[in-house]
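Just a sequence and a predicted model for now, questions to come.
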Amino acid sequence: ILIEAAELRIVSLPLLTPFVISSGTMTCKTFPLLVLKGEGLEGIAEAVMDPTPDYLEETIPGAMAFLRDVLLPSIIGKRFASPYELEPYLAPWRGNRMAKAVVEMAFWDMWSKSLGIPLKAALGGVGNSVDVGVSLGIAPIEKTLDRIDEALASGYKRTKLKIAQGHDVKIVEAVRNQYPDIKLTVDANTDYGLADLPVLQALDGFNLDYIEQPLAFDDIHDHAQVQASLKTAICLDESIRSASDARKALEMRAARVINIKVGRVGGFAAARAIHDTSAAFGAPVWCGGMLEAGIGRAHNIHLATLANFTKPGDTSSASRYFKRDIINEPLEASNGEMPVPATGPGIGVTLDHDYLKSVTDHVEEIGT
Ligand code: OSB
Ligand code: MG
C-alpha cells in the first residue's frame, strides 16, 4: 500500500464526569487523531498521550511535532506491504511509543481494509465480543457505591477502583462490606513507595483480583519485593513498555498479570509480543484503556480478541464517558460483553465527519 498523505488533528471531547486518578484529573478527553490515506483507503487511529506528561512522559504538543516533522514525512510516499515493514522507520527512535503507535495502528486498519478482513483477523484474534469491566475514578465512598450499583446492574464483569494515598483501605473495605463476592481490583497509578508496604499488605486482605501499578512508572525491580510480600497478584501497567520489560517483570516475579495498552507499548506488534511473552510465563493479560473515543476503543476491542486476554478489559460503553462520540456506531456493552465492531473491514467503525469537525481544535494535512 502506498501511503500518499496524512491528516492529523487534535480533538477535544468533554467528559460526562471528571475522571480522577492519583496522577491527575481529566475533565475533557483531548487527543490527536490520525488518518493515513492511500490507494483509495483510509487508516484511522487515536493517540493516547495527554496534554501534559502525567500518566507517562509523552505530551500532545511533543507528539504533534514528532509526527508532523519526523515520523509522517518518513513514511509518506513509500509503499508498505504489511505493518511489519514500518518497523525500520519507527524502531530507531527512542521512546515516543504513543506517537509511533498511532502511525502503526492506523496502518493496521488500512492494511486489514486492503485485505477485506476485520482488524481482529489480521491480529490473529477470534470471537464476536470481549469481556469488559469498569474503571471507577476516585470519589467519596457513597458516590463510589452508587457507581458500583450501576455497573453491576449493567452486568460489567469486574470493578476497578482507583486508589491513592489516603484513599485506599477505607474505600476498599467499604466496597467489600457491601459486595463480598464481586470481582474487584485496585489501580494506584504509581502513588506508593516501598515505605507504604503496610498499606499494600492491608489491601491484601480483601480478596482483590490484582493490585495495579502500586510503585513508580519506571520501576520493575521494587515491585518484586511487593509481590513477594503479598498473596494478591500485582498487575503492571505504566512500567511495561515492551516485550522485554514483560519478560523481565515476569522472570523476577514483579507481577503476575499484565495490563496491555497498545498506545503505551508502541503499537500492535509490541502489544502482541507482550501478549505472547505473558502467555509463555502463564500470566494472563487484559486490555487497558485511556478514556479513548470511538476509534481508540474499536482498536482496543479488536486487540482484546487475542487468546491470552483472559481477564476483563477496561473498554466499557462509550456512553459512560461521552454524550456523543466521533463515530457513527454506538460502542455499547451488554452483560459485560462488548461486541467487536464490524461495519466493514478493519476497525469496523466509521467517523461521524460532521460531529468530528465540530470537536476539532486544529487540523493539518501532511504530504499533499
Ligand atoms: O491506569 O488504566 C489506567 C485512564 C487514564 C489513564 C490511566 C488509566 C486510566 C483508566 C481508565 O483506568 C480506563 C478507561 O476506562 O479507558
Ligand atoms: Mg492502570
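Good, I have the coordinates. Ligands and ions are numbered 1, 2, ... in the order given.

Could I get the phi/psi values of the residue of the chain found nearest ligand 1?
Nearest residue of the chain to ligand 1, counting by Cβ to the nearest ligand atom: residue 289, 2.4 Å away. Using the backbone N, CA and C atoms, a C-beta is placed for each residue, glycine as well. Here is the backbone geometry of residue 289 (degrees, to the nearest 10): phi -140, psi 160.

got the contact list for it?
By Cβ atoms under 8 Å, 6 or more residues apart in numbering, the contact set of residue 289 is 135, 261, 296, 297, 300, 313, 314, 315.

So which of those residues belong to helices?
Using DSSP state H, the subset of those located in helices is 296, 297, 300.

Filter those down to the buried ones.
Taking 16 or more other Cβ atoms under 10 Å as the criterion, what is buried in these is 296, 297, 300.

Give the pairing partners of the helix or strand encompassing residue 131; include direction for each.
Remark: residue 131 resides in strand 129-131, with elements defined by DSSP states H and E. The strands that strand 129-131 pairs with in its sheet are strand 337-339 (antiparallel) (by DSSP bridges).

and the longest strand anywhere in the chain with ligand 2, contact?
Longest strand in the chain by number of residues (criterion: DSSP state E): strand 5-21. No: Strand 5-21 lies out of reach of ligand 2 by Cβ under 5 Å from the ion, never closer than 8.0 Å.

Keeping just the C-alphas, turn that strand into CSV.
Only the C-alpha atoms of strand 5-21 are listed here, as CSV (Å, rounded to 0.1, in the frame of the first residue of the first chain):
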residue,chain,number,x,y,z
ALA,A,5,-0.9,11.6,2.6
ALA,A,6,-1.9,12.1,6.3
GLU,A,7,-4.4,14.2,8.1
LEU,A,8,-3.5,15.0,11.7
ARG,A,9,-5.9,16.7,14.0
ILE,A,10,-6.5,17.5,17.7
VAL,A,11,-9.9,16.6,19.0
SER,A,12,-11.4,17.6,22.4
LEU,A,13,-14.5,15.8,23.8
PRO,A,14,-16.0,16.9,27.1
LEU,A,15,-16.2,14.0,29.6
LEU,A,16,-19.7,13.5,31.2
THR,A,17,-18.0,13.2,34.6
PRO,A,18,-14.4,14.2,35.6
PHE,A,19,-12.1,11.2,35.9
VAL,A,20,-9.9,11.4,39.0
ILE,A,21,-6.8,9.2,39.4
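
Buried residues, it. List them.
By 16+ other Cβ under 10 Å, the buried positions in strand 5-21 come out as 6, 7, 8, 9, 10, 11, 13, 15, 19, 20, 21.

Then stretch 70-80?
Result for stretch 70-80 [16+ other Cβ under 10 Å]: buried residues 71, 72, 74, 75, 76, 80.

Nearest spatial neighbour of the residue of the chain found nearest ligand 2, chain-adjacent residues omitted?
Closest to ligand 2 within the chain is residue 237: 3.6 Å, counting by Cβ to the ion. Of all residues not flanking residue 237 in the chain, residue 259 sits nearest, at 4.1 Å (Cβ to Cβ, 6 or more residues apart in numbering).

Give the bridge partners for that neighbour, please.
Assigned bridge partners for residue 259, using DSSP bridges, are residue 286.

do stretch 54-65 and ligand 1 meet at all?
Yes: legend: contact between stretch 54-65 and ligand 1 by Cβ under 6 Å from any ligand atom is shown at residue 55.

That stretch close to ligand 2?
No: if you take Cβ under 5 Å from the ion as the test, stretch 54-65 misses ligand 2, and the best it gets is 8.4 Å.

Could you list the contact residues of the chain toward ligand 2?
Listed as neighbours of ligand 2 in the chain under the rule Cβ under 5 Å from the ion: 187, 212, 237.

Just list the residues touching the first one, thanks.
Applying Cβ under 8 Å, 6+ apart, we find residue 187 in contact with 21, 135, 160, 161, 162, 163, 212, 213, 237.

Same check on the second one?
Residues near residue 212 by Cβ under 8 Å, 6+ apart: 160, 185, 186, 187, 188, 189, 234, 235, 236, 237, 259.
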